[in-house]
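Engineer: could you look at this predicted model? Sequence included:
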Amino acid sequence: MKRLLLLLFLAVWVSGTAYAQKDTVVVKGYYESGNKEGTLNDAINAAQQAGNLSNTVFKLKPYEWYVETGSIITNPGEHLTIVGPKPGTTQKTAPPQILWTNQSVSTTYIIQSFGDLTMKNVWIRYADINGNQISTSIQMENDSTALNKSEKAVFDDVIFGYAEVGANAGGAVNVTSTHFVGIFNNCYFRNDMDSHFRYYGRAVSYPYQSTGWHTDTLRFENTTFANMGYGIMQEGQEYADNVFINHCTFLNIAEFPLESGWWHNLSITNSVFVNPWMLGYIPHDGPPGSGMFSVAPADSFGFKVPFNDANRHILLTHTSYTYQKWLKDWMANNSYSQNLVKNRHSDEVPKPDPYTSAASLALIDSTNADGTPYTPYMEVDTTSLYLNSDPNFNNPATNLDSLKIFLQYKWDNNADQNWAYMINSGLAQKWPLPEDMSYTNDTLQTAGMYGFPLGDLYHWYPSQYQNWVAQRSSEENRIDTWLKTGKDPMNTAIEKDPYGSDIPSRFKLDQNYPNPFNPTTNIKFELPKASQVKLEVYNILGQKVVTLENQRMQAGYHVVRFDAHNLASGMYIYRIKAGNFVSTKKLMLIK
């Protein structure tokens, strides 16, 4: 966790004060230079030859094209910094766009970095000047001169647009490093899809069927992923140690927003997932997969890792997950599915995937023989998980007609279909972007920590973004503590006895207050000695709706906050078991 905070500090430092200490080279774009290609290539090559690359900021101009005529390669130990001006709200303030020539040149990598990379306020378009998709990527390579050094890439307000299958069958950002650190603030992965492959168009990926690479940290904050094959790819015994997703929006992911259950430290907070696994699962083929994420037992990976289940840290809280009605209807009623039903193969009709698998939940909730948690630092906070709650985006980035065809083809004959949203708007560099993923769902608009909307605030709630920035450190510290300890630091407190004693004389469960309540209440209990405590809430049918506590707690007066915003009005029962002490009481939720 200390390393995470250091990385956050470094990311801010790199994107801020460090620029003032470097030389600035203002690079002319395609239009200003009279349709000249390769101006960015030339500027970077000149700085490299002068031995000054790491001490140079390459400043691009708004609403310009920078047409690459070949891969930009940074050598081991070098740091490449490319920035544009902060985008405004008019066409002339559009972020500068980096794209490819249509001439016959090597287009393997947009950037092949053997060192560190910083990019800010730019639009990377994985296509040529005629709008044709190019199989290419940003490649983060091992520094052969310092194999234990992290290769860092810091992206701030970067659009990764129209990336299909990348170089070496990878992603928009491709990792062939043993210590990669990727920081993505205020970014947008837009239309990173492949007309043929349902699983290509990835944000961050290792090359297909590679082994030996590793990611130390991936951090995504206020970032949107719209129209993707995958989000984050983990395969071939390659995984990320620390993945943090906060205030992100996911829309229309063909498969795997987050692939594989090999997480060491993973937090998903304050985010929105809409149509997160569009191809669904087929009941005939087995149980559901992992619509948002999965967690596999550490001893089932098939390769050795330096951790076990007891010291893995997983957190899911303040997040929504839904399949939109049109997609659920299309799964059942497209002609391919209808034909399956007609021929008595209804078990082959695709179905919506749950937010995670039953096996993942069983692992997260499992206990040791003595009743203590088997995975004490894995927490799915169901009190702030919004299932089947459509945000109702004001103007979603969805080309519905072509998307439906693509899905049916992938279920049926695997024919090709381009399903990108408003393709020409990317080529035209249309600004502001035509889509708007702010939404009308009142509940989700205040469901984030401290009352902020769920999802990407930078792009879709700019008026609230600055307020969020003002409390950013408090929110991130809360998430960091929750992930580290397995408990929300704001939910549990220890109180003094009103008569002055620090230790109560008996076990006791008090009536919640307030009661009735809407939507939060406090549950107080007393422990005369340290005990293994389980505090749970049940509905009137005796079905458990949430576990509020399941850990060993010290002696004292404890208060637990219960947030029931996602529950229906009615009577509920809360039950405590502390050692041999068991007690239950009723509470009333009125909305």
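Structural biologist: That came through fine.

Engineer: hey, where'd the helices end up in the stretch 451-591 of the chain?
Structural biologist: Assigned by DSSP state H, counting those that start in this stretch, the helices in the stretch 451-591 of the chain fall at 457-460, 462-470, 472-485.

Engineer: then the stretch 251-400 of the chain?
Structural biologist: In the stretch 251-400 of the chain, helices defined by DSSP H, counting those that start in this stretch lie at 325-333, 335-342, 358-365, 400-411, listed in chain order.

Engineer: quickly compare these and say which is most buried.
Structural biologist: With neighbours defined by mean count of other Cβ atoms under 10 Å, none of the helices of the stretch 251-400 of the chain is more surrounded on average than helix 400-411, at a mean of 19. (Glycine included, C-beta is placed from N, CA and C.)

Engineer: and that one, how far from the chain's centre?
Structural biologist: Here helix 400-411 shows a centroid-to-chain-centroid distance of 25 Å under the convention Cα atoms, centre = their mean, to the nearest Å.

Engineer: what about this structure, any weak spots by pLDDT?
Structural biologist: The chain contains residues with pLDDT under 70 at 1-20, 492-502.

Engineer: so for it, which residue is the most central one in space?
Structural biologist: Ranked by distance to the mean C-alpha position of the chain (Cα atoms, centre = their mean), the top residue is Ile245 at 3.9 Å.

Engineer: so that one makes contact with Trp263?
Structural biologist: No: with contact defined as Cβ atoms under 8 Å, Ile245 and Trp263 do not form a contacting pair (11.3 Å).

Engineer: follow-up on the earlier one: most packed of the helices of the stretch 451-591 of the chain?
Structural biologist: Most buried of those, by mean neighbour count (mean count of other Cβ under 10 Å): helix 457-460, with a mean of 23.

Engineer: out of the helices of the stretch 251-400 of the chain, the one nearest Asn168 is which?
Structural biologist: With Cβ to Cβ as the criterion, Asn168 lies closest to helix 400-411 of the helices of the stretch 251-400 of the chain, at 23.2 Å.

Engineer: and that closest one, what does it pack onto?
Structural biologist: Using 3 or more Cβ pairs under 8 Å, 6 or more residues apart in numbering; DSSP states H and E, the elements in contact with helix 400-411 are helix 325-333, helix 335-342.

Engineer: quick one: the longest strand along the chain to chain centroid distance?
Structural biologist: Taking DSSP state E as the criterion, the chain has its longest strand at strand 116-128. Its chain's C-alpha centre and that of strand 116-128 lie 20 Å apart, by Cα atoms, centre = their mean.

Engineer: what's it packed up against?
Structural biologist: Where contact means 3+ Cβ pairs under 8 Å, 6+ apart, strand 116-128 is packed against helix 2-15, strand 79-83, strand 97-100, strand 109-113, strand 137-141, strand 151-161, helix 423-427.

Engineer: contacts for the fifth one, please.
Structural biologist: With contact meaning Cβ atoms under 8 Å, 6 or more residues apart in numbering, strand 137-141 is reached by 109-114, 117, 124, 126, 151, 153, 163, 166-168, 170-177, 180, 182.

Engineer: could you rerun that using 7 Å?
Structural biologist: If you take Cβ atoms under 7 Å, 6 or more residues apart in numbering as the criterion, strand 137-141 is touched by 109-114, 151, 153, 166-167, 170-177, 180.

Engineer: how many residues are close by the residue nearest to Arg202 when sequence neighbours are not counted?
Structural biologist: Sequence neighbours aside, Gly171 is the residue nearest to Arg202 in space, at 3.4 Å (criterion: Cβ to Cβ, 6 or more residues apart in numbering). Residues within reach of Gly171, counting by other Cβ atoms under 10 Å, total 31.

Engineer: Gly171 reaches Ala203, doesn't it?
Structural biologist: Yes: Gly171 is in contact with Ala203 according to Cβ atoms under 7 Å; the separation is 6.0 Å.

Engineer: on that earlier part again, could you dump the helices of the stretch 251-400 of the chain to CSV with distance to Pro514?
Structural biologist: Shown next, in CSV, are these (distance: least, Cβ to Cβ, whole Å):
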stretch, distance to Pro514
helix 325-333, 37
helix 335-342, 49
helix 358-365, 29
helix 400-411, 46
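
Engineer: out of these, flag the one nearest Leu279.
Structural biologist: Leu279 lies closest to helix 400-411 among these, at 6.0 Å (Cβ to Cβ).

Engineer: what angle do the closest one and helix 325-333 make?
Structural biologist: 40 degrees (axes from the mean of the first three to the mean of the last three Cα atoms, to 10 degrees).

Engineer: unless I'm mixing things up, Phe293 is touching Ser260, no?
Structural biologist: No: counting by Cβ under 7 Å, Phe293 does not reach Ser260; the two are 9.3 Å apart.

Engineer: my guess is Phe225 contacts Ala254. True?
Structural biologist: No: in this structure, Phe225 is not within contact of Ala254 by Cβ under 7 Å, at 11.4 Å.

Engineer: where's Ser177 relative to Leu147, distance?
Structural biologist: Distance, Ser177 to Leu147, using Cβ to Cβ, to the nearest Å: 10 Å.

Engineer: swap that for Gly115, sorry
Structural biologist: Gly115 is 13 Å from Leu147, where distance means Cβ to Cβ.

Engineer: quick one: which of those two has more around it?
Structural biologist: The residue with more neighbours, out of Gly115 and Leu147, is Gly115; 21 against 10, by other Cβ under 10 Å.

Engineer: ok, for the more buried one, nearest residue in space, not its chain neighbours?
Structural biologist: Nearest to Gly115 is Glu78, by Cβ to Cβ, 6+ apart, at 4.1 Å.

Engineer: near that neighbour, how many other residues are there?
Structural biologist: Neighbourhood size, Glu78 [other Cβ under 10 Å]: 18.

Engineer: try Pro87
Structural biologist: Residues lying near Pro87 (other Cβ under 10 Å) number 20.

Engineer: what of Val173?
Structural biologist: Neighbours of Val173 under the rule other Cβ under 10 Å: 28.

Engineer: surely it meets Arg202?
Structural biologist: No: contact between Val173 and Arg202 fails when scored by Cβ under 7 Å: they sit 8.6 Å apart.

Engineer: alpha carbons of the longest strand of the chain, as PDB, please.
Structural biologist: The C-alpha trace of strand 116-128 is given here as PDB (Å, rounded to 0.1, in the frame of the first residue of the first chain):
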ATOM      1  CA  ASP A 116       9.300   5.400 -19.300                       C
ATOM      2  CA  LEU A 117       6.500   7.200 -21.100                       C
ATOM      3  CA  THR A 118       4.300  10.100 -20.200                       C
ATOM      4  CA  MET A 119       1.400  11.300 -22.400                       C
ATOM      5  CA  LYS A 120      -1.100  14.000 -21.600                       C
ATOM      6  CA  ASN A 121      -4.100  15.600 -23.400                       C
ATOM      7  CA  VAL A 122      -3.600  13.700 -26.700                       C
ATOM      8  CA  TRP A 123      -5.800  11.500 -28.900                       C
ATOM      9  CA  ILE A 124      -4.200   8.300 -30.200                       C
ATOM     10  CA  ARG A 125      -6.000   6.900 -33.200                       C
ATOM     11  CA  TYR A 126      -5.100   3.400 -34.200                       C
ATOM     12  CA  ALA A 127      -5.800   4.100 -37.800                       C
ATOM     13  CA  ASP A 128      -4.300   5.800 -40.900                       C
END
